[in-house]
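Engineer: quick one: sequence and predicted model below, then my questions.
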Amino acid sequence: MTKFKIIAATIAMSFAGLAHADENFVTCGSCKEWNMPVKPFNVYGNTWYVGVNGLSSVLITGPQGHILIDGALPQSAALIEANIKALGFRMRDVKLIVNSHAHWDHAGGIAALQRASGAVVAASASGAIALKSGTHVTDDPQYYANDVHVPKVAKVREVREGETLTVGPIGITAHMTPGHTPGSTTWSWQSCEAGKCMDVVYADSLTSISRDGFHFTGKGGEPDISGAFAASIAKVGGLKCDILLAAHPFFADTFAKAAARTPERNPFIDSGACREYAAGAAKMLDKRLGEERAAP
């Protein structure tokens, strides 16, 4: 089994214990481990990791304000805020918060982070529906609507394919990559250091995992989304990509790269990382589609 499939299987198994008694605290098989604090660190230039052990949150800093990607679990918000402050940045300078996909483990903390900063929140059209409702959309492959509730985001700006959102001189571009969720969004931007600019990609999850009874190939009135999912994977593999970050840090070896970084060498710089990530996802999807088509 490939590393990609092993990690994806771990993610799928972690949701077996999913439960919540309070929208501000979600529990699951991996939530405690995922939410362990991590010291924030620089990735490249004005790009910083401010997330937790198993759930990414990335800060892009600028002279007129900052952009934050993802909010992890509801209980992660305080840790993300503490990491931002530990780097010497102020929450009120976070002007924009964007989301990869609106599952509770990547969007649960966004409402609290928005309140702490006053930032504009932006997401895909489907993602905006989920963020404002505090639960999943009805066509989510992995969860039924109302399975889990997290704090609602009162106002969300909807973004389009290829749209670039700016905060002063810094900008971030949305790439719609539906499949893992209907509103999955991959984000890209440029970070510069010592006169050298790199294309950074924050790739959304590309794992083809689902609740029981869901078929990516369509069945029982469900639409066939297999082609769209495959196209999303290919899109991520084809992006300008010098540095890969992912919604779950282990998909991009984020911490191993940070630990191996030296003044002379930055392992985050890897022009093949997005292609490798997409290739693993494509193999997983192909296997899943084959199983669905072979089933009676």
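Structural biologist: Okay, I see it. Numbering: from 1, shown residues only.
Engineer: tell me if Ala234 really is in a helix.
Structural biologist: Yes: when classified by DSSP: H, G, I helix; E, B strand; the rest coil, Ala234 is found to be part of a helix.
Engineer: please name the nearest non-neighbouring residue to it.
Structural biologist: Ala278 (6.8 Å; CB to CB, 6 or more residues apart in numbering). Where you see a C-beta, it was placed from the backbone N, CA and C, and this is true even at glycine.
Engineer: which residues touch that neighbour?
Structural biologist: 206, 233-234, 236-237 (CB atoms under 8 Å, 6 or more residues apart in numbering).
Engineer: show the average pLDDT along stretch 286-296.
Structural biologist: Averaged over stretch 286-296, pLDDT sits at 94.
Engineer: may I have the phi/psi pair for the residue nearest the centre of the chain?
Structural biologist: Closest residue to the average C-alpha location of the chain: Ala247 at 3.1 Å, with CA atoms, centre = their mean. The phi and psi values for Ala247, taken as degrees, to the nearest 10, are phi -60, psi -40.
Engineer: surely it and Gly54 touch.
Structural biologist: No: in this structure, Ala247 is not within contact of Gly54 by CB atoms under 8 Å, at 10.2 Å.
Engineer: can you show me the strands along this protein?
Structural biologist: Remark: strands assigned in the chain by DSSP state E are 19-22, 25-27, 41-44, 47-49, 58-60, 66-69, 94-98, 120-123, 157-158, 164-167, 170-176, 185-193, 196-203, 243-246.
Engineer: out of these, nearest to Leu87?
Structural biologist: strand 47-49 (6.0 Å; CB to CB).
Engineer: each with direction, which strands does that closest one pair with?
Structural biologist: Using DSSP bridges, the strands paired with strand 47-49 are strand 41-44 (antiparallel), strand 58-60 (antiparallel).
Engineer: tell me which of the ones you listed approaches Ala86 most closely.
Structural biologist: Comparing those by CB to CB, strand 41-44 comes nearest, at 10.2 Å.
Engineer: what's in contact with that closest one?
Structural biologist: 48-49, 58, 191, 193, 198, 200, 243, 245, 258, 266, 268-269.
Engineer: I'd assumed Gln142 was in contact with Thr181.
Structural biologist: Yes: using CB under 8 Å, Thr181 is in contact with Gln142, at 7.3 Å.
Engineer: the more surrounded of the two?
Structural biologist: Thr181 (26 against 19; other CB atoms under 10 Å).
Engineer: chain neighbours aside, what residue packs nearest to that one?
Structural biologist: Per CB to CB, 6+ apart, closest to Thr181 is His101, 4.3 Å.
Engineer: quick one: pLDDT of the one you found?
Structural biologist: For His101, pLDDT reads 97.
Engineer: close enough to count as contact, it and Pro178?
Structural biologist: No: His101 is not in contact with Pro178 according to CB under 8 Å; the separation is 9.3 Å.
Engineer: shared neighbours of these two, which are they?
Structural biologist: Ser184.
Engineer: of these two, give the one with the bigger neighbour count.
Structural biologist: His101 (28 against 20).
Engineer: residues touching the more buried one, list them.
Structural biologist: Contacts of His101 by CB under 8 Å, 6+ apart are 107, 127, 180-181, 183-185, 204-205, 247.
Engineer: again, only this time at 7 Å
Structural biologist: Neighbouring residues of His101 by CB atoms under 7 Å, 6 or more residues apart in numbering: 127, 180-181, 183-185, 204-205.
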